[in-house]
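Asks: Let's see this in three dimensions:
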Amino acid sequence: LDDPPGYCGGVVTTGPGQAWDFDVPEDGELEVSNLESAAPAPREDTPDMIQIRRQIEGGWETLGLQCDSSGNGPVRVQVEAGDHVEVRLFTQEDETVAGWYEIVWTPDMPWGSSPGTAIPYQHPLDLNNAEMPDVSIPLPCAENSTQAIWYRWKAPSTGLVNVTTCGQHTSVDTVLSIHLDTPTLDLVGCDDDSCDGGGSTLIFEALEGTEYLIRTASSSGAGNIHLSIKTAPLPGEHINCNDAQSISSLGIYSVQTGGNASAGDCDGALSEGPIAWVAVTPPADAAWRLSLCQDDGGQASSLGAMALYETCTSAQPIKCAQTQDCNGAPIIDLPGGTTSLVQVRGSGNLDGTHGPLTALLALVETPPPPCLADLNEDGQVGIDDLLALLDVYGTPGADIDGNGVSDINDLLLILNAWGGCP
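Replies: Numbers count the residues shown, from 1 in each chain. Below is the predicted model:
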């Protein structure tokens with residue numbers, strides 16, 4: 001390296017050197033240390049030298065200097081957001097040093113408290129935002145959201161991405177936004193409370209290799225925020241039944257409606273708009289369901305609708321998706337071991353049309369029916385449940401059939417379900 005920093009213990013530092021430079025994202029401490037224990041071979045007696053300097057107008061300013069780090073320890077300096085810093089390693093007496101060095105930057109604020117300290121996302125996380133600063137940014141979906149946790153995520157491939165804070169592990173009212181890693185934090189999308197419990201969710205098309213900043217903030221104070229990211233490849237255009245997208249194994253699949261076609265409902269009504277077709281052939285050893293429900297891993301840009309057809313030439317569906325569960329998200333039960341043709345479309349409009357739909361479609365095993373007669377939830381319907389019913393007989397306390405009172409009908413349900421729950 002040119003421009004050695006000067007003398008170190010009376011010895012001119014002129015030996016071989018190497019340098020690394022980077023921009024500091026936030027205020028913090030920079031530490032450079034010699035990892036002798038990781039060296040591939042014992043280090044020679046030749047002492048080293050570590051210099052940390054930052055660029056200033058007209059040149060460089062030395063922030064820290066350490067002679068012979070193996071004996072004197074690491075060098076630590078304070079750096080500020082926006083500093084352009086260079087770490088330089090020299091040897092003395094024109095000798096070569098073989099070894100390993102570690103450069104660690106530790107922000108003054110907690111990790112995740114700003115875009116510059118964003119936490120790399122690798123798997124679903126549950127973090128508490130109590131230590132995050134009370135800083136809000138303007139968003140079109142929410143006027144106020146603070147105590148944000150920032151994440152950094154790099155798209156492994158081009159495709160649809162579902163980012164969500166929904167689920168029982170989130171304990172606060174969340175506001176979710178996704179930004180490009182630019183100086184102006186260009187907004188990709190935001191959402192506030194699209195699912196029960198204060199959770200938020202977004203679907204967007206990610207580009208392979210692009211880094212995104214994900215902000216999970218609160219509008220109701222401190223608490224736990226669960227973040228999960230699911231991806232699926234972009235589908236082809238499957239707007240014709242004879243070219244339906246094939247699904248044959250459990251998982252999450254992206255669906256994009258297109259074209260303009262007539263879609264039928266089970267009540268005989270027709271609507272015009274973009275559609276997509278999927279041909280689902282689940283394994284034969286169980287019962288299955290195709291779902292846009294978030295609890296199953298699905299997600300959609302609108303509520304959407306699904307209908308099962310016997311053949312591609314059938315004028316009307318033979319079965320339509322149920323929407324009484326999961327906040328109205330469509331779920332359709334399918335038999336295993338046979339191919340089912342399912343038409344997917346957006347929600348219907350009053351003018352006889354239906355809108356587009358971008359969705360992550362989940363094929364999952366149908367869960368067993370709830371064991372409502374198991375009042376004490378021990379997996380068995382037995383004498384304890386019967387006694388629990390008799391203890392509150394005539395009140396709503398053990399109402400199984402939903403008529404508002406614990407009565408003879410509930411007692412008969414217990415007797416009919418006697419034994420182990422399915």
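Asks: Tell me how many other residues crowd residue 382.
Replies: 16 (other Cβ atoms under 10 Å). In this view, the C-beta of every residue, glycine as well, is placed from N, C-alpha and C.
Asks: if I look at it, how far off is residue 414?
Replies: Residue 382 sits 9 Å away from residue 414, going by Cβ to Cβ, to the nearest Å.
Asks: do the same with residue 55
Replies: Residue 55 is 78 Å from residue 414, where distance means Cβ to Cβ.
Asks: And for residue 102?
Replies: 65 Å.
Asks: Looking at those two, which is more packed in?
Replies: Comparing residue 102 with residue 414 by other Cβ under 10 Å, the one with more neighbours is residue 414, at 21 against 11.
Asks: The more buried one against residue 406, yeah?
Replies: No. Counting by Cβ atoms under 8 Å, residue 414 sits too far from residue 406 to count as a contact (10.4 Å).
Asks: Mutual contacts of these two, please.
Replies: Jointly contacting residue 414 and residue 406 under the rule Cβ atoms under 8 Å, 6 or more residues apart in numbering are 389, 400.
Asks: burial of residue 269, as a residue count?
Replies: For residue 269, using other Cβ under 10 Å, the count is 10.
Asks: okay, it: pLDDT?
Replies: You'll see residue 269 listed with a pLDDT of 72.
Asks: Relative to residue 418, how far out is the closest residue to residue 399 other than its chain neighbours?
Replies: Among residues not flanking residue 399 along the chain, residue 406 sits closest, at 5.3 Å (Cβ to Cβ, 6 or more residues apart in numbering). Remark: distance between residue 406 and residue 418 (Cβ to Cβ) = 17 Å.
Asks: Over to residue 116?
Replies: The gap separating residue 116 from residue 418 is 62 Å, by Cβ to Cβ.
Asks: Which helix or strand in the chain has the lowest average pLDDT?
Replies: Within the chain, no helix or strand scores below strand 11-12, which has a mean of 58 by mean pLDDT, DSSP states H and E.
Asks: Let's see the pLDDT reported for residue 89.
Replies: 83.
Asks: actually residue 325, sorry about that
Replies: Model confidence at residue 325, given as pLDDT, is 67.
Asks: again, but for residue 49
Replies: Among the per-residue scores, residue 49 shows a pLDDT of 80.
Asks: In its sheet, which strands sit next to the helix or strand hosting it, and in what direction?
Replies: Remark: residue 49 resides in strand 48-56, with elements defined by DSSP states H and E. With DSSP bridges as the test, strand 48-56 is paired with strand 59-67 (antiparallel), strand 84-91 (antiparallel).
Asks: could I get the ones you listed as TSV with mean neighbour count and distance to residue 283?
Replies: Converted to TSV, these look like this (neighbours: other Cβ atoms under 10 Å; distance: least, Cβ to Cβ, whole Å):
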stretch	mean neighbour count	distance to residue 283
strand 59-67	16	62
strand 84-91	19	56
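Asks: Test my guess that residue 19 contacts residue 86.
Replies: Yes. Between residue 19 and residue 86 there is a contact under Cβ under 8 Å: 5.6 Å.
Asks: any idea how far residue 284 lies from residue 173?
Replies: Distance from residue 284 to residue 173, by Cβ to Cβ: 44 Å.
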